[in-house]
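> here is the input, now give the coordinates:
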Amino acid sequence: MHMYVEQRLARDRHEERLKRAREDSAAHQVVVLHRMEKRRERAERELLHVWQAIDQLRSTMQVAP
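Below is the predicted model of the structure:
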C-alpha cells in the first residue's frame, strides 16, 4: 500500500510539473506574439513614413523646372 501511495504522489507531482511547463510555455508564446506584433506595427509605421517621403520627393521633382 505504501508503494502505491508513493507512486501516486510521484505521478501527481510529475503531472503537475508537466501542467506548469505547458502553462509557462503558453505564457512565453503570448509574450513572444506580443513582441512580434509590436515589431510589425513599428515596421508598418516606418513603411508609411517611407511612402510619404517618396510621395514628397515625387511632388518636389514634378514642380521643379
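> and R35, how many residues sit next to it?
By other CB atoms under 10 Å, the residues close to R35 number 10. For every residue, glycine as well, the C-beta is placed using N, CA and C.
> same question, R42
10.
> quick check: it vs V50, distance?
Distance of R42 to V50, computed by CB to CB, to the nearest Å: 13 Å.
> please apply the same query to V31.
Distance from V31 to V50, counting by CB to CB: 29 Å.
> and A43, by the same measure?
According to CB to CB, A43 stands 10 Å off from V50.
> could you list the low-pLDDT ranges of this protein?
By pLDDT under 70, the low-scoring segments of the chain are 64-65.
> just want the most central residue of it.
L33 (1.6 Å; CA atoms, centre = their mean).
> which strand or helix spans that residue?
Element membership for L33 (DSSP states H and E) is helix 2-63.
> what's that helix packed up against?
For helix 2-63, not one helix or strand is in contact under the criterion 3 or more CB pairs under 8 Å, 6 or more residues apart in numbering; DSSP states H and E.
> chain center to that helix, what's the gap?
On the basis of CA atoms, centre = their mean, to the nearest Å, helix 2-63 sits 1 Å off its chain's mean C-alpha point.
> flag every buried residue along stretch 15-28.
Neighbour counts over stretch 15-28 (16 or more other CB atoms under 10 Å) mark no residue as buried.
> residues in contact with that stretch?
Residues from elsewhere that reach stretch 15-28, judged by CB atoms under 8 Å, 6 or more residues apart in numbering: none at all.
> alright, I will stop here.
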